[in-house]
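Novice: Predicted model follows, preceded by the sequence.
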Amino acid sequence: MRVIPAVGLVIAAGTLWIGTALSGDQQAASTGRVEVVLAGEHRQDLAMIKQNFADAGLANVHIQFMKAGRPPTNLGLGPQVTAERARAAIRMAKQYNQGVTILLPERLFPGHYIAIASSGFDDTVEYPVSEEAVQELENPSLTTEEFHELYRRLTSADHAPAKKGRVF
């Protein structure tokens, strides 16, 4: 008879753990890290830019500024970024970084991570993307699964990245 209460306790503890894990996933979906590199000309507008990202649902944003030149027009998304947050990242990249012309494969990023204008990747993992393809990604009717299926097709090993490596 002691086995039945012990089993009940184990089931209750497991249910509590699963509920906590789901809450953590939901929280990560809304607070996943967003790393952004912007041109130096935006430096004086940092507070407003952070607020604009927060208003777009991208509150956990870390912004860096280039000392000179323009940052790359790339976007990288982790495999668990929701379609809504991904579309918000595309809008922000268009607003502050002159658009998105390169996608970085999701396999390079943690689940809920977003990178806008990252210079941390070489051309062997940069996949050029057309404006039409970006518009497809922005389609509000895409579910998260459909969004990532399209994103993976656009960054697939079936077609070559921008270049085949750098020669030094």
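Specialist: On my side now, so go ahead. Numbers count the residues shown, from 1 in each chain.

Novice: switch to C-alpha atoms for all contacts and neighbour counts from now on
Specialist: Noted.

Novice: low-confidence ranges in this structure?
Specialist: 1-31, 158-168 (pLDDT under 70).

Novice: Can you give me the domain boundaries for it?
Specialist: According to automatic domain parsing, the chain comprises the domains 1-30, 32-154.

Novice: need these in a markdown table with mean neighbour count, can you?
Specialist: A markdown table is the format used below for the domains of the chain (neighbours: other CA atoms under 10 Å):
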| stretch | mean neighbour count |
| --- | --- |
| domain 1-30 | 12 |
| domain 32-154 | 18 |
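
Novice: Surely residue 152 forms part of a helix?
Specialist: Yes - counting by DSSP: H, G, I helix; E, B strand; the rest coil, residue 152 is part of a helix.

Novice: element containing residue 70?
Specialist: Following DSSP states H and E, there is no helix or strand that holds residue 70.

Novice: scratch that, residue 94
Specialist: According to DSSP H and E, residue 94 maps onto helix 83-97.

Novice: what does that helix contact?
Specialist: 38-39, 53, 56-58, 71, 73, 75, 77, 99-100, 114, 116-117, 137-138, 140, 142-145, 147-148 (CA atoms under 8 Å, 6 or more residues apart in numbering).

Novice: Now intersect the residues you listed with the strands, please.
Specialist: Judged by DSSP state E, the contacts of helix 83-97 include 38, 75, 77, 114, 116 as members of strands.

Novice: Identify the farthest-apart pair in those residues.
Specialist: Spatial extent of these (CA to CA) is set by the pair 38 and 77 at 17.4 Å.
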